[in-house]
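Novice: Need a 3D model of the sequence below.
(chains A and B)
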Amino acid sequence: MSPRELNNFNQDDAEVIASAGIDLKEEKRSASFLQQDREAKFSRSLIAGVEILRIEDALAKFPEAKEYYGSAFKSLGRDYPQDTEGGYFIRVKKGRTVELPIQACLFLKAQGFKQKVHNLIIIEEGAKVYLITGCSAAKSADEGFHLGISEFFIHKGGYLNFTMIHSWKEDTSVKPMSIALVEEGATFVSNYVCLRPVRNITMYPTAVLQGEGGRASFNSLMLSHPGSLQDIGSRVILRAKNTQAEIIARAVSLGGKVISRGHLKAENKEIKAHLECRGLILSEKGTIHAIPEMESDFRDVNMSHEAAIGKINKEEIEYLTSRGFTQAQAQSIIVRGFMDVDVLALPELLRKEIVSIEENTLRGAF
Amino acid sequence: MSYNMLMEKKDNLLEIKNLTVEAAGKTILKDIVISVPKGEVVILFGPNGSGKSTLIKAIMGFSGYNITAGEIIFAGRRINDLPMEERVRMGLGLIYQHPPKIRGVKLQQIAQFLSKDKKAIKELSNELSLGDHLSRDINLDFSGGEMKRSELFQIILQDPQFLLSDEPESGVDLENISIMGSVLNKYLQKEGKAALIITHTGYILDYIKAKRGCVMIGGKLWCVGNPKEMFAEIRKSGYEKCKECHEPQRIE
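Specialist: Model (predicted):
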């Protein structure tokens, strides 16, 4: 596919891809990558200082890519699947600030296809970048499977704001595996949005704050449809002094099961960490299971968590009804408010886009 | 005044006839009779727990308040069994005493639903010092006074014909009471408006014109009279005095 052909999907596919935050016209993006099933169809960077290419090409071209590959998993003593096909390599050069987001799309098209990718994201010293990845499944991709391994390396003083939007189908199974290594003074922000139906998602991304002053935040908005199981967590290991972490999750169950995990582990002193999970159950068949964990071997830490699960407060519905909203409108406003995009830490451009994606996806969902 | 005469009185906007209300299995209001014509403001006094808020909630149609006897007639229609949204459409509106906090729902969203007039929203929000609150989650981390100003702000935009208000001034500092009082008064002066207002502090009486006040004690209405005079008496002697000088009242 030549660059011009990024915008060459049939209308159905284009809509699904766009629903995962991908701008097929590349108007407001600085670089793009798209893989359909096993085939990397497109990769292009529109600005200097940003490399984006197939992982196989990067491993062939850059000797240092081999050193990065798998190293985040090894650093935690973890295994990872070796039978991947494709994935992307993104590197932002030292000191670069990239205003427009980089985008990467992993798209399931063929029926029953099992997509397994391995991605490397390297943010060099002092670089600052927004990355949005959209993962989606075409109507044709029945019984699809997606395994995504991602290794993030955020070097000293670097900043990565990573937004992942899942837009699957009711029979898709998904297993992302991610580790982010965050160096001194660097920041990793992860925003996760999953509003469409899916069969099964299991993920527990981990950020390791290994340099002093490092920060990580994980923010998630999840809508759980009947028949789905979403076992979704976030873990931050605060390995160095003066590091900070925040995990915020909002889950709404329309009848599916959500397991919302969170784990904060203090391995050094003078750290600050907070974990928050709020769940709203709209159907009697829905389940939300919040499992917040905090661990510390040190006294000199500041760690806290709050979790709340329940149905919509009747008082809130009546309040809006007393202002003239119908009961149904009141419920919808409260649920949308609960799934507030401002829970995510987004730049203004992406915020607008995701508000509009959320509006389109939630229209008629409850 | 007999009931027949009461019903013939055409400009009564709200008529409450022998109303008995139960909440959580307990009878809270007993045999309440009160009517409010167009253009009139009635003030409701009474000690804590006397049933004032229950009356307002029953009129508004909140869940959990069961009418076991009597009728509520609004604009000539029996509304006992109407859902709240229908009552709101007919012209009832409420200023909450303790409004709930709703995460993620912005004051601005509600304001824009209540009024399409962006200029009016802006002017009124400035007048009530709520300019910065429009983009905030409603009532979340609002001070007591901010909540009350936000309640008044919303109700003015909503523009109901009949206002129910549960202690509009409590928690408001003196400076803001005069602003709120004048905004509320301007609204009540509009053609055809009527209101039932609960007050504890009585401050609001300095700003609005109310002909009648009444006292609720133990789920019954007792005294009726000029609200300013009544309030002065209550301040002096407390509520027990009210019981001594009158039998339970039908406030017609």
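
Novice: Flag the shaky bits of the chain, pLDDT-wise.
Specialist: Using chain A here. Residues of chain A that meet the criterion pLDDT under 70 lie in A:1-5.

Novice: not what I meant, chain B
Specialist: Applying pLDDT under 70 to chain B flags the ranges B:1-10, B:243-252.

Novice: change it to 50
Specialist: B:1-8 (pLDDT under 50).

Novice: Can you list the residue ranges for strands in it?
Specialist: B:12-23, B:26-37, B:41-45, B:65-74, B:77-78, B:92-95, B:102-106, B:137-138, B:162-166, B:194-198, B:212-217, B:220-225 (DSSP state E).

Novice: what's the burial count for A:I317?
Specialist: Taking other C-beta atoms under 10 Å in any protein chain shown as the neighbour definition, A:I317 ends up with a count of 22. From N, CA and C alone the C-beta is placed, and that goes for glycine too.

Novice: oh, I was asking about A:I333
Specialist: Counted with other C-beta under 10 Å, the neighbours of A:I333 add up to 21.

Novice: So it lies in a strand, does it not?
Specialist: No. A:I333: not assigned to a strand; according to DSSP: H, G, I helix; E, B strand; the rest coil it is helix.

Novice: you'd agree it is up against A:L320?
Specialist: Yes. Contact criterion C-beta atoms under 8 Å: A:I333 and A:L320 qualify, at 6.2 Å.

Novice: what residues are shared contacts of those two?
Specialist: Common contacts of A:I333 and A:L320 (C-beta atoms under 8 Å, 6 or more residues apart in numbering or on different chains): B:V105.

Novice: on that earlier part again, nearest to chain A among the strands of chain B would be which one?
Specialist: strand B:102-106 (2.8 Å; C-beta to the nearest C-beta).

Novice: and among the strands of chain B, the most buried is which?
Specialist: Compared across those, strand B:92-95 shows the largest average neighbour count, a mean of 26 (mean count of other C-beta atoms under 10 Å in any protein chain shown).

Novice: What helices and strands are in contact with that strand?
Specialist: With contacts taken as 3 or more C-beta pairs under 8 Å, 6 or more residues apart in numbering or on different chains; DSSP states H and E, strand B:92-95 sits against helix B:52-60, helix B:144-158, strand B:162-166.

Novice: got the buried residues for stretch A:358-366?
Specialist: Buried residues in stretch A:358-366, defined by neighbour count with 16 or more other C-beta atoms under 10 Å in any protein chain shown: A:E358, A:T361, A:L362, A:A365.

Novice: just stretch A:58-74 next, same as before
Specialist: Applying 16+ other C-beta under 10 Å to stretch A:58-74 flags A:A58, A:L59, A:F62, A:A65, A:Y68, A:Y69, A:G70, A:A72, A:F73 as buried.

Novice: Equivalent analysis for stretch B:131-149, please.
Specialist: Within stretch B:131-149, the residues that count as buried by 16+ other C-beta under 10 Å are B:H133, B:L134, B:R136, B:D137, B:I138, B:N139, B:F142, B:G145, B:E146, B:M147, B:K148, B:R149.

Novice: residues contacting the closest residue to the first one other than its chain neighbours?
Specialist: Across the structure, with C-beta to C-beta, 6 or more residues apart in numbering or on different chains as the measure, the residue nearest B:H133 apart from its sequence neighbours is B:L107 (5.4 Å). When contacts are counted by C-beta under 8 Å, 6+ apart, B:L107 touches B:L130, B:H133, B:L134, B:S135, B:R136, B:I138, B:S150, B:F153, B:Q154.

Novice: coming back round to it: which among the buried residues of stretch B:131-149 gets closest to chain A?
Specialist: Among the buried residues of stretch B:131-149, and counting by C-beta to the nearest C-beta, the member closest to chain A is B:D137, at 7.4 Å.

Novice: residues contacting that closest one?
Specialist: Going by C-beta under 8 Å, 6+ apart, B:D137 touches A:G337, B:K101, B:I102, B:R103, B:G104, B:V105, B:K106.

Novice: again, 7 Å this time
Specialist: B:D137 makes contact with B:I102, B:R103, B:G104, B:V105, B:K106 under the criterion C-beta atoms under 7 Å, 6 or more residues apart in numbering or on different chains.

Novice: No more questions from me, cheers.
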